[in-house]
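the sequence and its predicted three-dimensional model are supplied below.
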Protein chains: 6
Amino acid sequence: MFSEAEAKTKSPLAAAFLDERSRLNGIVDEADNKLLKRIYNVDHNAYLEGALPARTKELMGLVASATLRCDDCISYHVIQAWRLGCTRQEQEESINVATVVSGTIVIPHLRRAYALLQELYS
Amino acid sequence: MFSEAEAKTKSPLAAAFLDERSRLNGIVDEADNKLLKRIYNVDHNAYLEGALPARTKELMGLVASATLRCDDCISYHVIQAWRLGCTRQEQEESINVATVVSGTIVIPHLRRAYALLQELYS
Amino acid sequence: MFSEAEAKTKSPLAAAFLDERSRLNGIVDEADNKLLKRIYNVDHNAYLEGALPARTKELMGLVASATLRCDDCISYHVIQAWRLGCTRQEQEESINVATVVSGTIVIPHLRRAYALLQELYS
Amino acid sequence: MFSEAEAKTKSPLAAAFLDERSRLNGIVDEADNKLLKRIYNVDHNAYLEGALPARTKELMGLVASATLRCDDCISYHVIQAWRLGCTRQEQEESINVATVVSGTIVIPHLRRAYALLQELYS
Amino acid sequence: MFSEAEAKTKSPLAAAFLDERSRLNGIVDEADNKLLKRIYNVDHNAYLEGALPARTKELMGLVASATLRCDDCISYHVIQAWRLGCTRQEQEESINVATVVSGTIVIPHLRRAYALLQELYS
Amino acid sequence: MFSEAEAKTKSPLAAAFLDERSRLNGIVDEADNKLLKRIYNVDHNAYLEGALPARTKELMGLVASATLRCDDCISYHVIQAWRLGCTRQEQEESINVATVVSGTIVIPHLRRAYALLQELYS
């Protein structure tokens, strides 16, 4: 498994995303909202190894994120899937499922996802 | 791999859904809209064996469908995943990812999905 | 222009939809909520003849409704577009735009729309 | 505070909804999915008395549900808000906020909500 | 009640948002589209004091905006709720309802909302 | 019909959007994903002259894009409709339909659309 630091070294887009995400999560942490912490915790648990492997769940997180057209969420799961060793082709096929289900409205988001994929898999 | 007929024998909910879907697809077929046929064809191809196994893609179709809260789409992919040999636990974990990403608004739909799962896996 | 009564004579699906819509609108009218009445009024005005013909706007209402996957809204605009003399082909092409933009998640809804189109244009 | 039983006595629509919800929740309970149970638990906690009163949170749940156009969720929060003593006018104003933000696509859902409000507040 | 100017003095994020919003609203005003003006007017009226206090309605606007994941709308209602004297805890609980209902897809947006809350309530 | 180059000369906003879109499409092209190419192709065909004129379909693409609140998609169809000779009033009425159907959540996006319209039609 690759580290976040390795993702940041490999891809300037990943670095910019992860740094801003980390800065903002710091602000959320400071607020110390109990219910929100539980939501973060449930979120964390949904992607753990289970009947399905963690790498499949990250790709499913990518499908859900692309389906709902959330750039930050797409970037996050693309990076996580890369860290867990998913191939570029697996990522593209996951994005294809989301694009077929959710339509061409996904295209502006997949364009940005492909820019990130290009950096991570170069 | 199980047939549609086996799904219908096992589950009255699957039978009711598949029969109505088949009846309405007959009406769509008659209309013979060229662009729509191509959309159906692209849709079909998105779930074929590739870098990812067909069964994983069906579960991803389930994730996308639950994320977007479409009962018919959920039923379809639950049945397809069952036909391809996915376990109930794999189906539940897929629905969990969708529910975490898309929220409790998914719950009324997962309730109905669990009723279908109960019949298919009993 | 055809009347609602003619739509109901031609199509049992249209009749069932329009009767239930009318019954529920009666309940809303009784409540006499001032802001809601203004929303209904703005809604009415959005589809009036202007720089674009009313029939084009009804087809646009159909596009928006199919895009957002609302069966009742789709039925309403399909009937309105039929009443204003739109052809079946114009309705299908409008639904195609929505299905391409919003994806295969629209398909269960367009199936039901095609059943209504079949009755209205037979 | 009124009980669920009182809601069911007052309103046939509430009774039908709550009975079906209860039946399906029984099926979900049987499956005993750990992550899903935690989601249900977080959901429960989000509506508890806090800086905001529980009744305001139920109305906010109604706003979120109407915004996302989920009939079951709307019915649930309308009933909960009624049980906690919210007035009909408060419920209507909450629905108005959702309808203004999320548009006329909400109207088919608010029609059904008004039918439920009529029974509960008669 | 605090003024927009006070919000801008307190928070650079609020200032940047409100200035850009004001610049773009100037362009919309110039176009002088009659129907759009009526939509703006209905929007304005939905948040006025009524059976529910204006401050509760602003928090409901925040719930709807977070539910639909619109950064600009979230910023607007966070600022309005601050101007009307809502506490930070009330804002966080409103965002919690939206996040529970609409899922972790809301998280990137609530991160940015928390950055704004931090400035306004410091 | 106007060319993309003419749109870029007339409007700095169009130029910035089209250049970035072109750059990212280059990255997508390089990846050479077969299914995605078919999706692009179906997308292209949905807007071709048919029972409905191409210009009407571009306006419908605008309606669908504004309904789903996708800035890039809105910019694209506004530019395409301008290139095909649609008037500003036709574009505004199309946006009005989307805003009425999809609500005030569309307003931040239409503000940006109006800035683009102002440049293209000045």
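Thanks, I have the structure now.

excluding chain neighbours, what is closest to A:Ala46?
Nearest residue to A:Ala46 in three dimensions, chain neighbours excluded: B:Val100, at 4.2 Å (C-beta to C-beta, 6 or more residues apart in numbering or on different chains). From N, CA and C alone the C-beta is placed, and that goes for glycine too.

mind checking what secondary structure the residue nearest the centre of chain A has?
Nearest to the mean C-alpha position of chain A, counting by C-alpha atoms, centre = their mean, stands A:His77 at 1.5 Å. Here A:His77 is helix, with the state taken from DSSP: H, G, I helix; E, B strand; the rest coil.

and it, what is it in contact with?
When the contact criterion is C-beta atoms under 8 Å, 6 or more residues apart in numbering or on different chains, the partners of A:His77 are A:58-59, A:61-62, A:65.

my read: the residue nearest to A:Ala46 touches A:His44, true?
No: counting by C-beta atoms under 8 Å, A:His44 is not a contact partner of B:Val100; they are 9.5 Å apart.

look up the closest residue to A:Cys86, ignoring the ones flanking it.
Taking C-beta to C-beta, 6+ apart, and ignoring the residues beside it in sequence, A:Cys86 has A:Arg55 as its nearest neighbour in space, at 5.4 Å.

give the other helices and strands that the helix or strand containing that neighbour contacts.
Assigned by DSSP states H and E, A:Arg55 falls within helix A:54-67. The criterion is 3 or more C-beta pairs under 8 Å, 6 or more residues apart in numbering or on different chains; DSSP states H and E, and the helices and strands that helix A:54-67 contacts are helix A:71-83, helix A:88-102, helix A:107-120, helix B:54-67, helix B:88-102.

buried residues in the fourth one?
By that I understand helix B:54-67. Across helix B:54-67, burial judged by 16 or more other C-beta atoms under 10 Å in any protein chain shown covers B:55-67.

keeping just the C-alphas, turn that helix into CSV.
What follows is helix B:54-67 as a C-alpha-only set of coordinates in CSV (Å, rounded to 0.1, in the frame of the first residue of the first chain):
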residue,chain,number,x,y,z
ALA,B,54,-19.0,-8.6,-14.1
ARG,B,55,-20.2,-9.4,-10.6
THR,B,56,-18.2,-6.4,-9.2
LYS,B,57,-19.7,-4.2,-11.8
GLU,B,58,-23.3,-5.4,-10.9
LEU,B,59,-22.6,-4.5,-7.3
MET,B,60,-21.3,-1.1,-8.5
GLY,B,61,-24.5,-0.7,-10.4
LEU,B,62,-26.3,-1.4,-7.2
VAL,B,63,-24.2,1.3,-5.4
ALA,B,64,-25.0,3.8,-8.1
SER,B,65,-28.7,2.9,-8.0
ALA,B,66,-28.9,3.1,-4.2
THR,B,67,-27.0,6.3,-4.2
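
next, the angle from that helix to helix C:107-120.
70 degrees (axes from the mean of the first three to the mean of the last three C-alpha atoms, to 10 degrees).

re the thing from before, any idea of the pLDDT on the residue nearest to the centre of chain A?
On pLDDT, A:His77 comes in at 98.

what distance do you get for it to B:Val97?
As judged by C-beta to C-beta, to the nearest Å, A:His77 and B:Val97 stand 10 Å apart.

residue contacts, A:Asp19?
If you count contacts by C-beta under 8 Å, 6+ apart, A:Asp19 has them with A:Lys8.

tell me the pLDDT of A:Met1.
89.

longest helix in chain A, please.
Using DSSP state H, we find that the single longest helix of chain A is helix A:12-31.

buried ones in it?
In terms of neighbour count (16+ other C-beta under 10 Å), helix A:12-31 has its buried residues at A:13-15, A:17-18, A:21, A:24, A:27-28.

what sits against A:Ser102?
A:66-69, B:64, B:68, C:102-103, C:105.

next one: the residue nearest to A:Cys86, what pLDDT does it get?
Model confidence at A:Arg55 (pLDDT) stands at 98.

what do you get for the one 3 residues further on?
Looking at A:Glu58, its pLDDT is 98.

what's it in contact with, if anything?
A:47, A:77, A:80-81, A:84, A:86.

any idea how far A:Glu6 lies from chain D?
When C-beta to the nearest C-beta, to the nearest Å is applied, the distance between A:Glu6 and chain D equals 29 Å.

oh, I was asking about A:Lys10
Note on A:Lys10: its distance to chain D, by C-beta to the nearest C-beta, is 32 Å.

that residue: neighbour count?
Other residues lying near A:Lys10 total 17 when counted by other C-beta atoms under 10 Å in any protein chain shown.

ok, and the closest non-adjacent residue to it?
Looking at A:Lys10 with C-beta to C-beta, 6+ apart, the closest residue is A:Leu120, at 5.7 Å.

just A:Leu13 next, same as before
Distances taken as C-beta to C-beta, 6+ apart place A:Leu116 nearest to A:Leu13, at 4.9 Å, with adjacent residues excluded.

contacts only, for that neighbour.
Taking C-beta under 8 Å, 6+ apart as the criterion, A:Leu116 is in contact with A:11, A:13-14, A:17, A:75, A:78-79.

just curious, which of these is nearest to chain F?
Nearest to chain F among those, counting by C-beta to the nearest C-beta, is A:Leu13 at 11.2 Å.

if we can go back for a sec, so the residue nearest to A:Cys86 sits right up against A:Trp82, yeah?
No: at 10.0 Å, A:Arg55 and A:Trp82 do not qualify as touching, with contact defined as C-beta under 8 Å.

okay, the closest residue to chain C within chain A and A:Glu30: tell me how far apart.
Sorted by distance to chain C under C-beta to the nearest C-beta, the residues of chain A start with A:Gly103, at 3.1 Å. Relative to A:Glu30, A:Gly103 is positioned 39 Å away (C-beta to C-beta).
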